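Colleague: turn this into a model:
(chains A, B, C and D)
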There are 2 protein chains.
Amino acid sequence: MASPHQKQTMKDRILQTADRLFYLKGIRAIGVDTISAEIGISKRTLYNHFPSKDALIAAYLEHRFVQPKPSDKPPVEQILGTFDALERRFGAKDFRGCPFVNAVAELGGEDKSVKKVAIAFKESRRLWFRDRLTELGVADPEALATQLQLLVDGSIAQDLVRDDPAMARAAKEAARVLLENAGVKISSPDGAKA
Amino acid sequence: MASPHQKQTMKDRILQTADRLFYLKGIRAIGVDTISAEIGISKRTLYNHFPSKDALIAAYLEHRFVQPKPSDKPPVEQILGTFDALERRFGAKDFRGCPFVNAVAELGGEDKSVKKVAIAFKESRRLWFRDRLTELGVADPEALATQLQLLVDGSIAQDLVRDDPAMARAAKEAARVLLENAGVKISSPDGAKA
DNA sequence: GCCAAAGTACACAGGTCTGTGTAACTAAAA
DNA sequence: TTTTAGTTACACAGACCTGTGTACTTTGGC
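Modeller: Sure thing, here's the model as predicted:
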């Protein structure tokens, strides 16, 4: 974990493969046999590293819970850049919505731990927006952060259904209007086109 | 079908129960045995009315595809009222997100017919916004309709995860800003509170 | 070379699921 | 009363799932 070029452990390989298949095909749709077969290991080995499928699911969601990289750019560029990044990811053919929202939709309100991590993730994203808005000195960073997060999640849901990266651009346009309405000056007006 | 007080047919009862359970617990989580047991009929009867579970799923989604009631209210009130209705539904304990988005998340890109009806539904909602925006004479009703739909889907996704009806109010606030930015005058400023 | 840890092969238990087959039953229409 | 359409009870096939047990083999460190 310290050394960056350390050889990938078996546990890493299992988690990485589970991540890809769970995300792409759905958690319920993928059995442990499929995962172990994909790696070319025995099912026994998988169960030697993860005590149950539930544990693997939990590890999958933790693995997806990554913080955005710190950036030196001005806050307003960071905020709007979020939607450019979204648009890029929408274009990728292996994009299939938000793993946390999907997991909640798939596993339902039954599994409380899944919902818990999903809430934590969404809130961490909202706080990321809020911190940058605070830096910009807007009047109500909490409320505006929530609204920006709505645009993010809305565009993700729309793209999941429509496969249309333009949803990210539409969200960006709306975000720009909300920001300007809050008194934020936007320097580079690369308007309709990304 | 013509007579409104016609006795509910067996097919109706099956569809109604399937609808409730599929939506609340998830499509993959509910088996045909569970549905027939809930109604108190044999599994055979269910299969006499629907040739397969897939057919039942398709009927479920068609059944969910309802158009909003026509309204006499001014367009701007209809648009903002959408978010009030959302807030009310978020408060209900049997609300569990958008059935179409959930179905796509659950069944994946595999099932093309599911995705097809989901796209049709989302587009029909967007067009509903667009028609009212056109009536209001805004400059670009297409783009604004897409943005409003983003707010709707975003608040639904957020509420699915957080169980927080305030998401609908946040979306309404953002919608108000977008509308005013497009030159729409909003008469009753029942601001932060619903 | 020796040993311990890790992985493999493979069967299997016990559960769930979709979908079918069949014979008996019920109720209403003719 | 007889026919007929719908329903029931129930077993079952065949598939897939999670998880375990066990004996064998590989592999890296000493």
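Colleague: list the contacts of residue A:68.
Modeller: Counting by C-beta atoms under 8 Å, 6 or more residues apart in numbering or on different chains, residue A:68 makes contact with residue A:128. The C-beta positions use only the backbone N, C-alpha and C, and glycine is treated the same way.
Colleague: helix, strand or coil for it?
Modeller: With DSSP: H, G, I helix; E, B strand; the rest coil as the basis, residue A:68 sits in coil.
Colleague: and the pLDDT at it?
Modeller: You'll see residue A:68 listed with a pLDDT of 94.
Colleague: quick one: contacts for the residue nearest to the spatial centre of chain A?
Modeller: What sits nearest the mean C-alpha location of chain A, by C-alpha atoms, centre = their mean, is residue A:98, with 5.3 Å. By C-beta under 8 Å, 6+ apart, the residues touching residue A:98 are A:153, A:156, B:157.
Colleague: and residue A:38, how far from residue A:149?
Modeller: 34 Å (C-beta to C-beta, to the nearest Å).
Colleague: does at least one residue of the longest helix belonging to chain A sit close to DNA strand D?
Modeller: If each helix of chain A is counted by residues according to DSSP state H, the longest one is helix A:112-136. No - Helix A:112-136 is not in contact with DNA strand D by C-beta under 7 Å from any atom of the strand; minimum separation 14.1 Å.
Colleague: any idea how far the residue of chain A found nearest chain B is from residue A:174?
Modeller: Using C-beta to the nearest C-beta, the single residue of chain A nearest to chain B is residue A:154, 3.0 Å away. Distance, residue A:154 to residue A:174, by C-beta to C-beta: 9 Å.
Colleague: shared neighbours of these two, anything?
Modeller: B:150, B:151.
Colleague: phi first, then psi, for the residue in chain A that DNA strand D sits nearest to.
Modeller: Residue of chain A nearest DNA strand D, by C-beta to the nearest atom of the strand: residue A:31 (2.8 Å). Main-chain torsions, residue A:31, degrees, to the nearest 10: phi -90, psi 160.
Colleague: how many other residues sit next to it?
Modeller: When counting by other C-beta atoms under 10 Å in any protein chain shown, one arrives at 12 neighbours for residue A:31.
Colleague: and it, what is it in contact with?
Modeller: Listed by C-beta under 8 Å, 6+ apart, the contact set of residue A:31 is empty.
Colleague: right, and residue A:101 touches residue B:160 too?
Modeller: Yes - using C-beta atoms under 8 Å, residue A:101 is in contact with residue B:160, at 6.7 Å.
Colleague: just to revisit the earlier point, any idea how far the residue nearest to the centre of chain A is from residue A:86?
Modeller: 11 Å.
Colleague: shared neighbours of those two, anything?
Modeller: In contact with both residue A:98 and residue A:86: residue A:156, using C-beta under 8 Å, 6+ apart.
Colleague: and the contacts of residue A:98, which is closest to DNA strand C?
Modeller: residue B:157 (26.2 Å).
Colleague: what about that closest one, is that helix, strand or coil?
Modeller: Applying three-state DSSP: residue B:157 is helix.
Colleague: tell me the contacts of the residue lying closest to residue A:104 once chain neighbours are set aside?
Modeller: Distances taken as C-beta to C-beta, 6 or more residues apart in numbering or on different chains place residue A:118 nearest to residue A:104, at 5.1 Å, with adjacent residues excluded. By C-beta under 8 Å, 6+ apart, the contact list for residue A:118 reads A:61, A:100, A:101, A:103, A:104, B:161.
Colleague: near DNA strand D, which residues of chain A?
Modeller: So chain A meets DNA strand D at A:30, A:31, A:32, A:33, A:34, A:43, A:44, A:47, A:51, A:52, A:53, A:54 (C-beta under 7 Å from any atom of the strand).
Colleague: for the residues you listed, pick the one with the most neighbours.
Modeller: Result: residue A:30 is most packed of those (other C-beta under 10 Å), 20 neighbours.
Colleague: outline the domain layout of chain A.
Modeller: Split into domains by automatic domain parsing, chain A comes to A:10-63, A:66-181.
Colleague: how about the longest one and DNA strand C, touching?
Modeller: No - when contact is scored as C-beta under 7 Å from any atom of the strand, no part of domain A:66-181 falls within range of DNA strand C; the minimum is 12.9 Å.
Colleague: circling back to that earlier point, do you know the pLDDT at the residue nearest to residue A:104?
Modeller: 97.
Colleague: ok, now residue A:190?
Modeller: Taking residue A:190 on its own, its pLDDT is 54.
Colleague: what is the nearest of the residues of chain A next to DNA strand D to residue B:183?
Modeller: residue A:30 (49.8 Å; C-beta to C-beta).
Colleague: what's the helix or strand for the closest residue to that closest one other than its chain neighbours?
Modeller: Distances taken as C-beta to C-beta, 6+ apart put residue A:21 closest to residue A:30, at 4.6 Å, once the chain neighbours are dropped. If you go by DSSP states H and E, residue A:21 is part of helix A:10-25.
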